[in-house]
Structures are given as C-alpha cells and as structure tokens.
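Student: sequence and computational prediction follow.
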Amino acid sequence: MAGSITDWAASKIDPREGLSVVGRTPEDFLIMKYRDGLPFPVAILGVQDVILVDHVQPLFSHVTKPQFVANVPSKTLWSGDAISLIHASPAAFGTLGDVRRAASTGDVQSFRNKNWDFFERGIRQHSKVHAVTRIYDEVFDARLLNGTTRRIALVDGYHVSAEDIRNARDRFGKFDIAVKKTSYGSITDAAEEAAASMGANVVTFKGLLQNLAR
C-alpha cells in the first residue's frame with residue numbers, strides 16, 4: 001500500500017455511499033461524516049495478526065479520542081481485552097464497512113455487531129452458564145455452573161464444510177463447540193466429522209443451547 005494505512009483507508013471511503021472524509025486530526029485520526037450527521041473521529045490500525053490492548057490503548061491517550069477504531073485488513077482478530085477497552089472508552093470497533101454502518105445509526109460509539117451480540121447474550125443468559133469471557137471477536141469461553149469451561153467459536157458458511165471447520169481451527173486455535181452463525185443452509189456430515197476429529201462439535205444456535213444444558 002502506498003502511503004500510510006490511514007491514507008489508504010481514506011482513499012477507500014466512497015462519498016456516493018453517504019460516508020465521506022472531511023478532515024484529519026493531529027493524531028492522524030480521520031474525521032468522517034455520514035450525510036448531514038455530525039462529524040466523528042476514526043482511528044485506523046494496520047495490525048496483521050491479533051489486535052491487543054497495547055495496540056488500542058494509545059489511541060485513547062490523546063485529547064481527541066476516536067469514536068470508532070477500524071483495522072485493515074478486515075480479517076484480523078480482535079482480542080477480548082482490546083474490545084473491552086474500546087467499548088469502555090466508549091467507542092466502537094470493526095472494519096471500514098462497519099464504520100459506514102455505525103455512522104448510519106447516528107450513534108457511532110454505541111455501534112455493536114448484532115450477530116456477535118446475539119450469540120454472546122444467548123450464551124450469557126443460559127441457565128447453566130455462570131460467566132462468559134470474550135477471547136476474540138467471535139470466540140467466547142462459557143464457564144458453566146458445574147465448574148467446566150467450553151470454548152465456543154462462531155463459523156461462517158451457508159453449508160458449513162469440513163474446510164470451514166479446519167479454517168476456524170487455524171484461525172482461533174482449539175475450541176469445544178463451533179457454532180454456525182446463520183440459520184440458513186446446513187451443516188455437512190464432513191464438517192461434523194472434521195469437528196469430531198478435533199474433539200469438538202459443530203452445531204446450530206439451538207444445538208449450542210442444548211449442548212450447554214448437558
């Protein structure tokens with residue numbers, strides 16, 4: 001990428017979609033605006049592996065604090081501790097696409113990924129779950145009332161395949177339960193076999209609730 005990661009991110013914002021870059025702060029945050037809404041600062045990171053607290057903490061030490069923290073590339077993992085710090089600031093996090101989605105709500109810093117929140121809330125409210133710890137953006141540890149802990153990873157795929165499960169293992173490390181993120185499509189037999197070979201299960205959200213109840 002030519003120039004800084006912030007320059008590159010600015011070049012990818014298309015005003016025809018309603019979001020535009022209207023300035024830049026001394027901290028090198030982009031000042032963005034959605035249609036006729038209020039401008040807001042966005043910090044751009046370029047972390048390749050896992051976004052840690054040490055990556056995001058300095059962003060909030062300035063006079064101007066970002067309302068949104070975006071990372072390029074979009075597939076980088078966000079650690080649970082980094083997410084907690086951002087939310088407590090308060091601010092939101094995600095991809096460049098998420099910036100537009102957050103801006104369209106009119107409350108940028110309160111933006112949350114509805115899909116992730118749905119699963120976290122469902123796990124947290126389960127009668128057999130004592131506490132939930134967020135490990136990554138799509139990985140949670142559920143500590144059960146019986147003292148055991150189950151690591152839960154969210155997986156993509158219309159028809160979840162063995163490759164989807166293997167990719168999740170490479171991306172997240174070991175987990176006990178892989179959960180299909182959408183209610184559409186299916187889980188293939190090959191995916192179930194791949195998960196079983198890792199000592200894990202692959203289930204739908206309903207299957208997750210049943211699994212936690214055992």
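Tutor: Good, I have the coordinates.

Student: which ones are touching residue 159?
Tutor: Going by Cβ atoms under 8 Å, 6 or more residues apart in numbering, residue 159 touches 185-188. Just so you know, the C-beta spots here come from the backbone N, C-alpha and C atoms, and that holds for glycine as well.

Student: same thing but 6 Å
Tutor: Residues near residue 159 by Cβ atoms under 6 Å, 6 or more residues apart in numbering: 185-186, 188.

Student: again, but for residue 157
Tutor: Counted by Cβ under 6 Å, 6+ apart, residue 157 has contacts residue 164.

Student: out of the contacts of residue 159, which end up buried?
Tutor: The neighbour count (16 or more other Cβ atoms under 10 Å) marks residue 188 as buried among the contacts of residue 159.

Student: so which of the contacts of residue 159 comes closest to residue 13?
Tutor: residue 185 (32.5 Å; Cβ to Cβ).

Student: isn't that closest one up against residue 158?
Tutor: Yes - with contact defined as Cβ atoms under 6 Å, residue 185 counts as touching residue 158 (3.7 Å).

Student: coming back round to it: could the contacts of residue 159 go into JSON lines alongside distance to residue 17?
Tutor: Below are the contacts of residue 159 laid out as JSON lines (distance: Cβ to Cβ, whole Å):
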{"residue": "185", "distance to residue 17": "28"}
{"residue": "186", "distance to residue 17": "33"}
{"residue": "188", "distance to residue 17": "36"}
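
Student: any idea how far the residue most central in space within the chain lies from residue 95?
Tutor: Nearest to the mean C-alpha position of the chain, by Cα atoms, centre = their mean, lies residue 137 at 3.7 Å. Between residue 137 and residue 95 the distance is 11 Å, computed by Cβ to Cβ, to the nearest Å.

Student: now residue 154, nearest residue through space, not along the chain?
Tutor: Leaving aside its chain neighbours, residue 154 sits nearest to residue 138 (4.1 Å; criterion: Cβ to Cβ, 6 or more residues apart in numbering).
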